[in-house]
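Student: Dropping the sequence and predicted coords here.
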Amino acid sequence: MIEVRNLVKTFKDGPIETRVLKGIDFTAADGEFIAVMGRSGAGKSTLLYQISLLDEPTSGEILINRKEAHLLSEHEKMLFRLAEFGYVFQDYALLPELTALENVALPLYMQGASRAAAEERARAALERVGLGSRLDNLPSQLSGGEQQRVSVSRAIAHKPSVLFADEPTANLDRESSDRVISIFKELHRAGQTIIMVTHEDEYAAIADRVVKLDDGRVVSNART
Amino acid sequence: MFSLLNIRVGFYLAVRQLRRASLWTTGLIVFVMLLTFLNLVVVTGILVGLIEGINESYRTQYTGDVIVSALSSKEYIEDTPSVLAFLATVPQVTQLTKRYQAGGTIEANYLMRTSDTEKRNATGAQVVGIDPGAEDAFTGLGAHIIEGQYLAEGDYDQILVGNFLLDRYAFGEQPGLTPLSNVFPGTKVRLTVGGVTREVVVKGVVKSKIGELGMSVFIPAAELRAIIGRTDQNVAQIAVRLTPESDPDAFKNLLLASGIGEKAKVQTFADSIPNGVADIKTTFAMLGNGFSSIGLVVAAITIFIVIFINAITRRKFIGILKGIGISGEAIEISYIFQSLFYAIIGSAVGLVVLYGVLVPTVAAHPIDFPFSDGILVAPIDGTMLRIGLLVLTTVIAGYLPSRMIVRRNTLDSILGRN
């Protein structure tokens, strides 16, 4: 369960202050699939980064399972992200010198799993997204769609509480996008909480709820 | 910071980064490390070796491991036969040579003088009486003949002249010393020792960078004994060579304990080297360390720049690593491991080059300095200390930039924001 209360994010550039989030209230129940939509500059990605503890809000509260996550130290946030969250970025964000298997195994390894156990779970996660035959390929040897599926595998391999996706299909062709979204659907059916930023109405439609932002405020929060 | 988990993950990342890095880049960094290592060891090693070359030349060409010589108040070692008899009983002694010595003058071109007021072409010299065979076997004096021939058994009225006594080899005319001109093998010269003057023939010219040899005239011992009227068996010097594993200081103490110190001066080859040489060695070592330190700083800056560029160009990926929960410490440790790799491989290659190529090559072909045959001095303990210094410097130089980048805001790194 994620609760966001009166979340404000202001960026400062010298004397210039830009308020990107202007008091967001928002909740996501366990197992819910939420699509966050809005025009460019509406604050979608900024909201995602605050909720996923990648950034520090200017004010407001973020409660994750009733825990005041916004008050955690940097180290505690790192541990929280490692254990509870999974991330899928628009540009895949894979490490170029690690193979698909190693990219997925790395967070598991950081969680304390043995190398063999980490690689076993990474292999299973990659097979789940249909990349069982590309384990030893470097990102540069994979197509964009395959890289994004590796990214999804990395995000889910450690069974996170929440999966955050920031425009996961923005750089993909139609076929690859459909494939990634079908993986998300499958994960959702299995009970995975997902918060996804997207521009695509068609993909937002598969979510339980669509939160629309405009000029840093929630303008609509409707069930699909 | 250095938790086992962070070290494991840091190592995991470092190995993969190194394995998939450009071979050229890795090779270049290792090459920089190799040059730094060689700069650290070789500059000091050559400077110290320049002086060590003097020591070694003294040992091999003049004193042996230990030299027994006349006390300052005497011209010969008293009761030389008993000293020799004692030396014969000591198993460490492998070889020795006896020398007679007397001060004298050598004059050339005396037939060319047109009047008694004309300055004589004469110079003072140490006249050394030797057994040519024993001396050559001990010091290899015969190998230092650059003109003419070495003395043979039975030679009479023939001498060898040290190169510093001849104007064409001398460093220049020094006050009070007049190098001989027009003296070649076959030239007749006058040798005066203790008021006795003989006309002798120069049989050869000895070239040595050791003053004691270059400023000497060598003559068969029997002839010098006759000139100075020595009827007993007392000699001025006994140079002693020991077995390789023997300690010259311990042997010197043995001789002193036997009472020889009352009859003669006993010195190791290190003791007999002129005062100041040890000071020069210390000064050169300091200079070498100073030059090497500059090299070390340059290497540290190089590694800092390499790692900084690596980290700054990978800033986005460092942000991603932090974003997905990899600790900053593990990322920093990965860079420490990479720096360690560069330093250790560079040093390992350096060790092979140093002890496999440079030291044996310079030992076989010493560097021809005007006053010594320079060798490369690189003791293992000193080399290991320098490797430790290089590794430590490299690790710090690699750690600092990685820490600077890792400490930046995670999201700013991911998004490439400043």
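Tutor: Good, I have the coordinates.
Student: Just confirm residue A:147 is within a strand.
Tutor: No: using DSSP: H, G, I helix; E, B strand; the rest coil, the assignment for residue A:147 is helix, not a strand.
Student: check contacts around it.
Tutor: A:92, A:94, A:139 (C-beta atoms under 8 Å, 6 or more residues apart in numbering or on different chains). C-beta: built from backbone N, CA, C; applies to glycine.
Student: and residue A:201, how many neighbours?
Tutor: 10 (other C-beta atoms under 10 Å in any protein chain shown).
Student: max-length helix in chain A?
Tutor: Longest helix of chain A, by residue count under DSSP state H: helix A:174-189.
Student: Sort out which residues of that one are buried, please.
Tutor: Buried residues in helix A:174-189, counted by 16 or more other C-beta atoms under 10 Å in any protein chain shown: A:176, A:177, A:179, A:180, A:181, A:183, A:184, A:187, A:188.
Student: Those residues: which two are farthest apart?
Tutor: A:176 and A:188 (18.9 Å; C-beta to C-beta).
Student: Please identify which of the contacts of residue A:147 is nearest to chain B.
Tutor: residue A:94 (8.1 Å; C-beta to the nearest C-beta).
Student: residues touching the residue lying closest to that closest one once chain neighbours are set aside, list them.
Tutor: Distances taken as C-beta to C-beta, 6 or more residues apart in numbering or on different chains put residue A:139 closest to residue A:94, at 4.3 Å, once the chain neighbours are dropped. For residue A:139, the contact set (C-beta under 8 Å, 6+ apart) comprises A:92, A:94, A:95, A:96, A:98, A:100, A:103, A:147, A:150.
Student: interface residues of the stretch 251-400 of chain B facing chain A?
Tutor: Proximity of the stretch 251-400 of chain B to chain A, by C-beta under 8 Å from any C-beta of the partner chain, involves residues B:316, B:317, B:320, B:321, B:322, B:323, B:324, B:325, B:326, B:327, B:328, B:330.
Student: Burial check on the closest residue to chain A within chain B, number of neighbours?
Tutor: Nearest residue of chain B to chain A: residue B:325, at 2.6 Å (C-beta to the nearest C-beta). By the criterion of other C-beta under 10 Å, residue B:325 has 23 neighbours.
Student: tell me which parts of chain A are close to chain B?
Tutor: Contact residues (C-beta under 8 Å from any C-beta) of chain A with chain B: A:49, A:54-55, A:75, A:78-79, A:81-83, A:85, A:87, A:89, A:93, A:95-98, A:102, A:106-107, A:109-112, A:115, A:138, A:154.
Student: could you dump the lengthiest strand in chain B to PDB, C-alpha only?
Tutor: As assigned by DSSP state E, the longest strand anywhere in chain B is strand B:93-108. Provided in PDB are the C-alpha atoms of strand B:93-108 (Å, rounded to 0.1, in the frame of the first residue of the first chain):
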ATOM      1  CA  VAL B  93      89.800 -17.600   2.100                       C
ATOM      2  CA  THR B  94      89.600 -18.600  -1.600                       C
ATOM      3  CA  GLN B  95      92.300 -16.400  -3.100                       C
ATOM      4  CA  LEU B  96      94.800 -13.700  -2.100                       C
ATOM      5  CA  THR B  97      97.400 -11.500  -3.700                       C
ATOM      6  CA  LYS B  98     100.400  -9.700  -2.100                       C
ATOM      7  CA  ARG B  99     101.600  -6.200  -3.000                       C
ATOM      8  CA  TYR B 100     104.700  -4.100  -2.200                       C
ATOM      9  CA  GLN B 101     104.200  -0.400  -2.300                       C
ATOM     10  CA  ALA B 102     106.500   2.600  -2.300                       C
ATOM     11  CA  GLY B 103     106.100   6.300  -3.200                       C
ATOM     12  CA  GLY B 104     108.000   7.300  -6.300                       C
ATOM     13  CA  THR B 105     108.200   9.500  -9.300                       C
ATOM     14  CA  ILE B 106     108.100   8.800 -13.000                       C
ATOM     15  CA  GLU B 107     109.700  11.000 -15.500                       C
ATOM     16  CA  ALA B 108     109.300  11.000 -19.300                       C
END
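Student: Skip ahead from that strand and say which helix or strand is next.
Tutor: strand B:121-130 (DSSP states H and E).
Student: Mind listing what's buried along that following strand?
Tutor: Quick answer for strand B:121-130 (16+ other C-beta under 10 Å): B:121, B:122, B:123, B:125, B:126, B:127, B:128, B:129, B:130.
Student: That strand pairs with which strands, parallel or anti?
Tutor: Strand B:121-130 pairs in its sheet with strand B:93-108 (antiparallel), strand B:216-220 (parallel), by DSSP bridges.
Student: Buried deepest among those strands, which one?
Tutor: Mean neighbour count (mean count of other C-beta atoms under 10 Å in any protein chain shown) peaks for strand B:216-220 among the strands paired with strand B:121-130, with a mean of 26.
Student: for the residue in chain A that chain B sits nearest to, what are its contacts?
Tutor: Chain A approaches chain B most closely through residue A:82 (2.6 Å), counting by C-beta to the nearest C-beta. By C-beta under 8 Å, 6+ apart, residue A:82 lies in contact with A:107, A:110, A:111, A:158, B:324, B:325, B:326.
Student: repeat that for 7 Å
Tutor: A:107, A:110, A:111, B:325 (C-beta atoms under 7 Å, 6 or more residues apart in numbering or on different chains).
Student: hey, C-alpha coordinates of the helix or strand hosting it in CSV?
Tutor: Using DSSP H and E, residue A:82 sits in helix A:74-84. Included here for helix A:74-84 are C-alpha records, laid out as CSV according to Å, rounded to 0.1, in the frame of the first residue of the first chain:
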residue,chain,number,x,y,z
GLU,A,74,19.9,7.6,1.9
HIS,A,75,21.3,4.2,2.9
GLU,A,76,17.9,3.0,4.1
LYS,A,77,16.3,4.1,0.9
MET,A,78,18.9,2.1,-1.0
LEU,A,79,18.1,-1.0,1.0
PHE,A,80,14.4,-0.3,0.5
ARG,A,81,14.8,0.1,-3.2
LEU,A,82,16.8,-3.1,-3.4
ALA,A,83,14.3,-5.2,-1.4
GLU,A,84,10.9,-3.8,-2.2
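Student: So which bits of that helix are buried?
Tutor: So helix A:74-84, judged by 16+ other C-beta under 10 Å, has buried residues A:77, A:78, A:80, A:81, A:82, A:84.
Student: circling back to that earlier point, now, the contacts of residue A:147 that are in strands?
Tutor: Using DSSP E, none of the contacts of residue A:147 sit in strands.
Student: Quick check on residue A:200: phi, psi?
Tutor: Per-residue torsions, residue A:200: phi -90, psi 120 (degrees, to the nearest 10).
Student: That one: neighbouring residues, count only.
Tutor: 14.
Student: List the single closest residue to it in space, sequence neighbours excluded.
Tutor: Using C-beta to C-beta, 6+ apart, the nearest residue to residue A:200 is residue A:169, at 6.5 Å.
Student: Can you identify each of the helices in the stretch 101-250 of chain B by residue range?
Tutor: Counting by DSSP state H, counting those that start in this stretch, one finds helices in the stretch 101-250 of chain B at the ranges B:132-139, B:211-214, B:221-228, B:248-257.
Student: show me where the chain has strands.
Tutor: Because you didn't say which chain, this covers chain A. Counting by DSSP E, chain A has these strands, from start to end: A:2-13, A:16-28, A:33-38, A:59-64, A:67-68, A:85-88, A:162-166, A:193-197, A:209-214, A:217-223.
Student: wait, chain B
Tutor: Using DSSP E, strands in chain B cover B:66-70, B:93-108, B:121-130, B:145-148, B:158-162, B:188-193, B:196-206, B:216-220, B:237-242, B:264-268, B:367-368, B:373-374.
Student: Would you mind pulling up the elements that the last one packs against?
Tutor: Spelled out, that is strand B:373-374. helix B:23-58 (3 or more C-beta pairs under 7 Å, 6 or more residues apart in numbering or on different chains; DSSP states H and E).
Student: now chain B, which segments are flagged as low pLDDT?
Tutor: B:1, B:172-177, B:418 (pLDDT under 70).
Student: List of residues touching stretch B:407-415?
Tutor: Outside stretch B:407-415, the residues touching it (C-beta under 7 Å, 6+ apart) are A:49, A:54, A:55, B:315, B:316, B:318, B:319, B:320, B:322, B:323.
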